[in-house]
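1. Pasting the sequence and the predicted model now:
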Amino acid sequence: MGEGEVAAFFEHALDLLAALDWEGRFVALNPAWERALGWPAASLLGHSLLELVHPDDRGATAELMWRGETDEAELAGFENRVRDRSGGYRWLQWNLRLVEDRWYASARDVTGRKWLDEQAVQDLLTGVANRTAITERIADALARLDPAREVLGLLFIDLDHFKVVNDGRGHEIGDGVLRAVATRLRGAIGDRDEIGRFGGDEFAILVGHRRDPAQVLEVAGWVLSSLHTPIAVGDEEVTVGASVGVAIASEARIRAEALLREADIAMYRAKARGGRRYEVFDRAARAEAQRRVQAERELRGAVAAGQLRVYYQPIIALGEMSVARCEALVRWMHPTRGMLLPEEFVPLAEETGLIVPIGEWVLREACHQARAWRRAGWDVGITVNVSMRQVERPGFVQTVRNALRDAGIPPVSLCLEVTETSIAEHPKAIAPRLEALRSIGVQIAMDDFGSGYSSLTHLDALPLDTIKIDRSFVGGIIDRAEDRAIVAALVSLASQTEMSVIAEGVESDALHRELVDLGCEFGQGFIYGVPKPAQQLSLDGYSQRVHPGVGDPLVIREFMRQIGIPARISG
């Protein structure tokens, strides 16, 4: 290649070519520098490369060049960031060779490739590491762990009630909260620590090598403190807390997946204990997790194995002392533990999603029982508790339609109860779903009103037919004037808005009399009857009869009696 060809190659090469003196000052550059970085070649001559290098990369660049002067004649594949004329930085990949006292270099702009690499390991919404990247970094940190000198901590973070923000204020606000949370978490951790987002509202923090577990717990405390103050997103202020699970590794043999699982178990324990706290994984947590796994496995098979039962408790019309409805209450006849009440397994069903098939089974069973009562001549409606997991499912209205159709009962016979807590957490999301159910003739009740999230605005804003006053208020109407006043106000409000009121937890004659004096329409409690299987529930003396009509079982039975034909009319 002649001199002219060399000059042409230097002039037209796509790579950035340069010659630098032994101190790193530019001696010659080709036009590709201007095309890539905007700097005219002539303007850089005599200036040091280090003047353009990003401050974070400057030390490493200088060290490699100095090392090359003494130890190596070539440096290949070295990458750093170099400032362009607009003030931004481009990633360059260098190949350099030292010949006597001069560096000859070629560089290639790899900014696009670096950007793609970052996207592969970065969570696009928050900018922190994604699930894959943080898991790999946990594994790397475990591999480097020196158990004799240090411990490694892992925090698994789940925001408390974040779904309320997303459903109630929209995903745009929710995304803003997640970005702000990531920023706050970055501020709460040290330079040795790393943060990643696992998806949704879950984050993980790798607490770099510490001397003892107390230092890991200190970071967990900082994380919780960072989320105490409200988060501003646009014109909105959002308050979120967090449940934090802490797992501590003091040996390198543990795998990253196992450490994550331990932190996740501890997080669920923190959430079960009210949230806004951290819990540390220990032997008790492991045993608790094992029990939970076993219980979930058993609960999954309970429906198929015929272990679930529906018990019924009467709801009494206080004026006539008749049964207006019966509430369907699920029980689990466990093969070794005996009969389990809802509080012993429904929370687990909620967490695992098993509440959906269990709830649908209870709905179908209750509707068929209502049909049996109607065919026997008893005008008794049925009340069924439903979970937000059920209500949120797109096909839930059709599920209710199918249950009513298969049982052959009118929709007005069915009342669906949703807890006040669920309504308060999802007011905007739940209203149209409840309205859709009401539109087919089903009645809607708010259960446990006053149990902690009370707000009269819910009564006005939601499509409700009935409110059930929580037993915590009802039990105090004799001794506490404020409780009596609240119940009286609710009874009055309900009468003006054509809603019904059911007082829960009526367990004495005195409470019954007070409720009648207040004009309360319905009552439910042990004084009227404990939950029982349908075949053990006596409706005589309480119930109102179905209005007789053509084809009514009572009319047929009475006719056959009069003409002397014994008959047993059944479903």
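-> Thanks, I have the structure now. Just so it is clear, the model here is predicted, and its values are computed rather than measured.
2. which strand of the protein spans the most residues?
-> strand 322-334 (DSSP state E).
3. Name every strand pairing with it and say which way it goes.
-> strand 308-317 (antiparallel), strand 338-340 (antiparallel), strand 381-385 (parallel) (DSSP bridges).
4. I'd like to know which of these lies nearest to Trp39.
-> Trp39 sits nearest to strand 381-385 of all these, at 71.4 Å, using C-beta to C-beta. Just so you know, the C-beta spots here come from the backbone N, C-alpha and C atoms, and that holds for glycine as well.
5. Toward the C-terminus from the closest one, list the very next helix or strand.
-> helix 388-391 (DSSP states H and E).
6. Just the C-alpha atoms of the longest strand of the chain, please, in CSV.
-> C-alpha atoms of strand 322-334 as CSV (Å, rounded to 0.1, in the frame of the first residue of the first chain):
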residue,chain,number,x,y,z
SER,A,322,-89.2,-14.5,60.8
VAL,A,323,-86.2,-15.7,58.8
ALA,A,324,-85.7,-13.3,55.9
ARG,A,325,-82.4,-14.8,54.6
CYS,A,326,-79.7,-17.3,55.6
GLU,A,327,-76.1,-16.5,55.3
ALA,A,328,-74.0,-19.2,53.7
LEU,A,329,-70.8,-19.8,55.7
VAL,A,330,-68.1,-22.2,54.5
ARG,A,331,-66.5,-24.8,56.8
TRP,A,332,-63.6,-27.2,56.1
MET,A,333,-64.0,-30.7,57.5
HIS,A,334,-60.3,-31.4,57.7
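7. Please point out which parts of stretch 404-423 sit buried.
-> 404, 407, 409, 411, 413-420, 422-423 (16 or more other C-beta atoms under 10 Å).
8. farthest-separated two in these?
-> Ala407 and Glu420, at 28.0 Å, using C-beta to C-beta across those.
9. where's Ala105, which helix or strand?
-> Judged by DSSP H and E, Ala105 forms part of strand 102-109.
10. Need phi/psi at Asp235.
-> phi -90, psi 0 (degrees, to the nearest 10).
11. Among the strands paired with strand 322-334, pick out the one with the most neighbours on average.
-> strand 381-385 (a mean of 24; mean count of other C-beta atoms under 10 Å).
12. centre of the chain versus that one, how much separation?
-> The chain centroid and the centroid of strand 381-385 are separated by 28 Å under C-alpha atoms, centre = their mean, to the nearest Å.
13. where exactly do the helices run in the stretch 201-350 of the chain?
-> Applying DSSP state H, counting those that start in this stretch to the stretch 201-350 of the chain gives helices spanning 213-226, 256-272, 283-300, 346-352.
14. do the same with the stretch 451-571 of the chain
-> Using DSSP H, counting those that start in this stretch, helices in the stretch 451-571 of the chain cover 456-461, 471-474, 481-496, 509-518, 553-562.
15. Would you mark the buried spots in the second one?
-> If I follow you right, that is helix 471-474. Of the residues in helix 471-474, Arg471, Phe473, Val474 count as buried by neighbour count, 16+ other C-beta under 10 Å.
16. One more: the longest one?
-> Neighbour-count burial for helix 481-496 flags Asp483, Arg484, Ile486, Val487, Ala488, Leu490, Val491, Ala494 (criterion: 16+ other C-beta under 10 Å).
17. that older thread, figure out which of the strands paired with strand 322-334 is closest to Asp264.
-> Across the strands paired with strand 322-334 (criterion: C-beta to C-beta), the nearest stretch is strand 338-340, sitting at 25.8 Å.
18. ok now that closest one, how far from the chain's centre?
-> 30 Å.
19. Quick one: residues contacting the residue lying closest to Arg58 once chain neighbours are set aside.
-> The spatial neighbour of Arg58 that comes closest, neighbours along the chain excluded (C-beta to C-beta, 6 or more residues apart in numbering), is Leu50 at 5.6 Å. When contacts are counted by C-beta atoms under 8 Å, 6 or more residues apart in numbering, Leu50 is found next to Gly24, Arg58, Thr61, Ala62.
20. In CSV: those residues, plus neighbour count, secondary structure and pLDDT.
-> Putting the contacts of Leu50 into CSV (neighbours: other C-beta atoms under 10 Å; DSSP: H, G, I helix; E, B strand; the rest coil; pLDDT from 0 to 100) gives the following:
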residue, neighbour count, secondary structure, pLDDT
Gly24, 17, coil, 86
Arg58, 16, helix, 87
Thr61, 22, helix, 84
Ala62, 15, helix, 84
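21. and of these, the nearest to Pro40?
-> Gly24 (19.5 Å).
22. Would you check how far apart Lys318 and Ser538 are?
-> Quick fix: residue 318 reads Leu, not Lys. 18 Å (C-beta to C-beta, to the nearest Å).
23. the more surrounded of these two?
-> Per other C-beta atoms under 10 Å, whichever of Leu318 and Ser538 has more neighbours is Leu318, with 21 against 11.
24. Hmm, His512 and that one touching each other?
-> Yes. In this structure, Leu318 is within contact of His512 by C-beta atoms under 8 Å, at 7.4 Å.
25. any shared contact partners between these two?
-> Gly523.
26. returning to what we had before: now the angle between helix 283-300 and the longest strand of the chain, please.
-> 120 degrees (axes from the mean of the first three to the mean of the last three C-alpha atoms, to 10 degrees).
27. Name the residues of strand 322-334 that are buried.
-> Ser322, Val323, Ala324, Arg325, Cys326, Glu327, Ala328, Leu329, Val330, Arg331, Trp332, His334.
28. Need the max-distance pair from the contacts of Leu50.
-> Gly24 and Arg58 (10.8 Å).
29. Show me what the helix or strand hosting Glu136 is packed up against.
-> Take DSSP H and E as the rule and Glu136 turns out to sit in helix 131-144. Other elements packing on helix 131-144 under the criterion 3 or more C-beta pairs under 8 Å, 6 or more residues apart in numbering; DSSP states H and E are helix 111-121, strand 151-160, strand 194-199, strand 202-210, helix 256-272.
30. Among these, show me which one is buried the most.
-> Among these, ranked by average contacts under mean count of other C-beta under 10 Å, first place goes to strand 151-160 (a mean of 24).
31. now the helix or strand just after that one and strand 202-210, what's the angle there?
-> Using DSSP H and E, the helix or strand that follows strand 151-160 towards the C-terminus is helix 162-169. Calculated by the same axes, to 10 degrees, helix 162-169 forms an angle of 140 degrees with strand 202-210.
32. chain center to helix 162-169, what's the gap?
-> Distance, centroid of helix 162-169 to centroid of chain: 10 Å (C-alpha atoms, centre = their mean).
33. ok, now stretch 367-375?
-> So, by C-alpha atoms, centre = their mean, the centroid of stretch 367-375 is 38 Å from its chain's centroid.
34. List the buried residues for it?
-> Cys367, His368, Gln369, Ala370, Arg371, Trp373, Arg374, Arg375.
35. what would those residues look like in TSV with secondary structure and pLDDT?
-> Converted to TSV, these look like this (DSSP: H, G, I helix; E, B strand; the rest coil; pLDDT from 0 to 100):
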residue	secondary structure	pLDDT
Cys367	helix	97
His368	helix	96
Gln369	helix	96
Ala370	helix	95
Arg371	helix	95
Trp373	helix	94
Arg374	helix	92
Arg375	helix	92
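36. from those residues, which is closest to Gln390?
-> Nearest member of the buried residues of stretch 367-375 to Gln390, counting by C-beta to C-beta, is Cys367, at 14.6 Å.
37. Hmm, Arg405 and the closest one touching each other?
-> No. Using C-beta under 8 Å, Cys367 is not in contact with Arg405, being 9.3 Å away.
38. orientation of the helix holding Glu136 relative to strand 151-160 in degrees?
-> Using the same axes, to 10 degrees: helix 131-144 against strand 151-160 is 160 degrees.
39. Rounded mean pLDDT for helix 131-144, please.
-> Helix 131-144 shows a mean pLDDT of 89.
40. and if you look at stretch 227-238?
-> 86.
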